[in-house]
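A.B. asks: got a structure for you, letters missing:
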């Protein structure tokens with residue numbers, strides 16, 4: 001048979017292990033949702049800007065090209081956008 005004192009200590013240890021497991025699960029869930037929120041707040045807007053910046057630049061460059069005459073020597077809007085894309089912008 002198991003000594004009553006030993007059984008009581010084992011029960012206490014089991015309770016402490018269960019409490020530690022519950023705490024670790026809470027931390028795991030907290031870290032998971034922190035990662036999800038970080039991706040939503042930081043990464044998705046950066047991806048959106050990759051598509052939005054060329055459109056905004058096109059809106060600003062087109063009137064400048066039209067004011068400069070837009071002749072044969074003037075770069076077209078598409079040339080400007082291609083140059084910006086080649087620069088990684």
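C.D. replies: Sure thing, it's come through. Everything quoted here is computed from the prediction, not taken from an experiment.
A.B. asks: Surely residue 57 is in contact with residue 83?
C.D. replies: No: Residue 57 is beyond contact range of residue 83, at 10.4 Å (criterion: Cβ atoms under 8 Å). For the C-beta atoms, the positions are set from N, CA and C on the backbone; glycine is no exception.
A.B. asks: Longest helix in the chain, by number of residues?
C.D. replies: For the chain, the longest helix by residue count, based on DSSP state H, is helix 4-38.
A.B. asks: Now do that one: which elements does it pack against?
C.D. replies: Contact partners of helix 4-38 among helices and strands, from 3 or more Cβ pairs under 8 Å, 6 or more residues apart in numbering; DSSP states H and E: none.
A.B. asks: Tell me, how many residues neighbour residue 54?
C.D. replies: Other residues lying near residue 54 total 16 when counted by other Cβ atoms under 10 Å.
A.B. asks: and residue 59, what element?
C.D. replies: Per DSSP states H and E: residue 59 is located in helix 44-67.
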